[in-house]
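*Asks:* from the sequence below, what's the structure:
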Amino acid sequence: MRNDVAIVDASIVRAWLNDETEIAFLDVREAGQFGEGHPFFATPLPYSRLEIDAPRLVPGLDTRIVLLDDGTQAENEGVAVLAGHRLHALGYTNVSVLRDGAGGWQAAGYTLFKGVNLPSKTFGELVEHACETPHLSPEELAALIEEGKMHALFDGRTLDEHRKMTIPGAIPVPNGELAYRIGTLVADPATPIVIHCAGRTRSIIGAQTLRNLGVPNPVIALENGTQGWALAGLTLEHGSERRYPEALDEAAIADARSQAATLAARFRIVTLDAAAAQAWLADPRRTTFLLDVRTPEEFARDGLPNITHAPGGQLVQATDQTIGVRRARVLLVDYDGVRAPVIASWLVQLGFETALVDAADAIALHVARQIAPLKSSLPQLGVTALREAATGHVHLIDLRPSAAYRREHAAGAHWSIRPRLANTLAELGAKPGDTLLLFADEPTVASIAAIDLRTLGFTSLYLAGDGLDTWKKAGLPLVSTPDLPADAARIDYLFFVHDRHDGNLDAARRYLDWETGLIAQCAPDELAVFRIDAPTPDRSSR
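*Replies:* Got it, this is the predicted structure:
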């Protein structure tokens, strides 16, 4: 294979991470591999989704990019090199590969971290230490509830996470909505406010958001969230359909707007006019992410084209899932004078140069897309065609998540994933010229897998229209295989404390130990990016 991708040593990459130039450090392994150990500032971009997510995470084609894989294959044959060729084909001009991958990073004396969203979660721990965010134990909260003492309890996670499990009686208000809605939800300034999540980060950030904003109430984070609650022997609530009321108190919003303006001034967050915002977006030397931090419903209703939706709470919690370029700029569209300034205050402390643009000015902004949106390129088979294909000589390849395959798949289908396609087809004895029928939840996942299949010589490729649903409608047989693919083959699935929310208390303990131990694992240059402004009034309820 040709090699038009430079191979660079770990020491060089470490130096690049600490210079003043933008860099995208992208881990192209699958989710399970990434979560078992990766560099602190590596952004997950699995090869199975490379062309789908790269333009969103790294919008600039001239951005300096470094790719890494596990480093176990020959230097010019690993997944990172394959990904490098694909990025070149998309138009990226400055792509390198980390020599020996994750293993080379560790061999150079640098730490590989387990888990996901490392910068955001480490940041949360640092915020708690620096700001002395008040907290209470599960037992203390349980006593508060049992005694009927006045308090307001909010779940700072997404509505879907809240539905799975929550502290009994909690109202879900994602962290990005707290500043905007708290005055409507809690009118009495004497009412203690408790914020919880599943572990630690969003409890801390949610509580500290309100403290930074200057709400008069005592604000406390629930220590260790739902996992701590379960570890204390307390019962979680499952299936809650509660949600915050849509109606807003206008006087409370006016107060929140004033508080958010004060917070923005504290962190020197400016609002750019249309011309200045367009200059940011047009600057070829810098990457600027233009984001709408409102709710999914609001974005669906009137979100602007070519602007990325990133709900504020999740943007702070999982920044690396939206912003793939270190030292990039962030421009938040401000619709209400509350949510965008508050989220901007956290992004500044996370180390990003951040500004606001009023929604009325954002309408006129032009966001250049250097890569056209990916479209499905495979012929799709409907019910009748699937029935005919099922009777012929065809290899069924299921590209859906391995967990979905285990639950249910087409009889005769074999699970695979893009970096393992060659191995799967070899095991099946498939030969170029054979017909392959692909199953995928997203047609584009199959389309980019087809690029590699054609390189391997397979050109008779079809996609089951609507994935497994069409197979079901055709009345064709389905099977479940709870143990297949084997755990060792499931590189798309992170086993690290994966069942901590499903009753495995030992996994919950290990997760919380991992989270509280993050700061100690970090090197000084990994912590230097954060700019936490600690002083806040002491509103501890203790």
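*Asks:* how about the residue nearest to Glu30 when sequence neighbours are not counted, phi and psi?
*Replies:* Taking C-beta to C-beta, 6 or more residues apart in numbering, and ignoring the residues beside it in sequence, Glu30 has Ile491 as its nearest neighbour in space, at 4.2 Å. (Glycine included, C-beta is placed from N, CA and C.) Here is the backbone geometry of Ile491 (degrees, to the nearest 10): phi -70, psi -10.
*Asks:* ok, Ile491 - contacts?
*Replies:* By C-beta atoms under 8 Å, 6 or more residues apart in numbering, the contact list for Ile491 reads Arg29, Glu30, Ala31, Gly32, Gln33, Ile417, Pro419, Arg420.
*Asks:* just say helix, strand or coil for the closest residue to Val342 other than its chain neighbours.
*Replies:* In this structure, Val342 finds its nearest non-sequential neighbour in Ala179, 4.4 Å apart by C-beta to C-beta, 6+ apart. The local conformation at Ala179, judged by DSSP: H, G, I helix; E, B strand; the rest coil, is helix.
*Asks:* and Ala179, how many neighbours does it have?
*Replies:* 28 (other C-beta atoms under 10 Å).
*Asks:* these two touch, right, it and Ala207?
*Replies:* No: in this structure Ala179 lies outside contact range of Ala207 using C-beta atoms under 8 Å: 11.9 Å.
*Asks:* max pairwise distance over the contacts of Ile491: which two?
*Replies:* Taking C-beta to C-beta, the two most distant members of the contacts of Ile491 are Ala31 and Arg420; they sit 13.8 Å apart.
*Asks:* can you give me the distance of the residue nearest to Glu30 to Gln33?
*Replies:* Distance check for Ile491 against Gln33: by C-beta to C-beta, to the nearest Å, it reads 5 Å.
*Asks:* likewise for Arg99?
*Replies:* Distance, Arg99 to Gln33, using C-beta to C-beta: 18 Å.
*Asks:* before we move on, what about Lys431?
*Replies:* 29 Å.
*Asks:* ditto for Leu290
*Replies:* Distance of Leu290 to Gln33, given as C-beta to C-beta: 31 Å.
*Asks:* repeat that for Arg407.
*Replies:* Between Arg407 and Gln33 the distance is 22 Å, computed by C-beta to C-beta.
*Asks:* contacting residues for the residue nearest the centre of the chain?
*Replies:* For the chain, the residue whose C-alpha lies nearest the mean C-alpha position (C-alpha atoms, centre = their mean) is Gln321; its distance is 3.5 Å. Neighbouring residues of Gln321 by C-beta under 8 Å, 6+ apart: Pro44, Asn117, Gln314.
*Asks:* which one of those residues has the most neighbours?
*Replies:* Counting neighbours by other C-beta under 10 Å, the top entry in the contacts of Gln321 is Pro44, with 22 neighbours.
*Asks:* quick check: beta-bridge partners of that residue?
*Replies:* Taking DSSP bridges as the rule, Pro44 bridges to Asp27.
*Asks:* any idea how far Pro401 is from it?
*Replies:* Look at Pro44 and Pro401: by C-beta to C-beta, they are 15 Å apart.
*Asks:* isn't Arg407 up against Leu478?
*Replies:* No: here Arg407 does not reach Leu478: they are 9.9 Å apart, not a contact under C-beta under 8 Å.
*Asks:* give me the helices and strands touching the helix or strand where Ala261 lies, please.
*Replies:* Mapping Ala261 onto the secondary structure by DSSP states H and E places it in helix 250-266. If contacts are counted by 3 or more C-beta pairs under 8 Å, 6 or more residues apart in numbering; DSSP states H and E, helix 250-266 sits against helix 175-185, helix 201-213, helix 339-350.
*Asks:* by how many degrees do the longest one and helix 339-350 diverge?
*Replies:* Using axes from the mean of the first three to the mean of the last three C-alpha atoms, to 10 degrees, one finds that helix 201-213 and helix 339-350 are set 110 degrees apart in direction.
*Asks:* pull out the buried residues from the helix or strand following helix 201-213.
*Replies:* Next along the chain after helix 201-213, taking DSSP H and E as the criterion, comes strand 219-222. Of the residues in strand 219-222, those scored as buried under the neighbour-count criterion (16 or more other C-beta atoms under 10 Å) are Val219, Ile220, Ala221, Leu222.
*Asks:* what's the first helix or strand after strand 219-222?
*Replies:* With elements assigned by DSSP H and E, the helix or strand that comes after strand 219-222 is helix 225-231.
*Asks:* send the alpha carbons of that following helix over as CSV?
*Replies:* In CSV, the C-alpha atoms belonging to helix 225-231 read as follows (Å, rounded to 0.1, in the frame of the first residue of the first chain):
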residue,chain,number,x,y,z
GLY,A,225,-25.2,10.7,42.0
THR,A,226,-27.4,7.7,41.3
GLN,A,227,-24.5,5.3,41.7
GLY,A,228,-23.8,6.7,45.2
TRP,A,229,-27.5,6.4,46.0
ALA,A,230,-27.5,2.7,45.0
LEU,A,231,-24.2,2.0,46.9
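*Asks:* helices or strands up against it?
*Replies:* helix 138-146, strand 193-196, helix 505-516.
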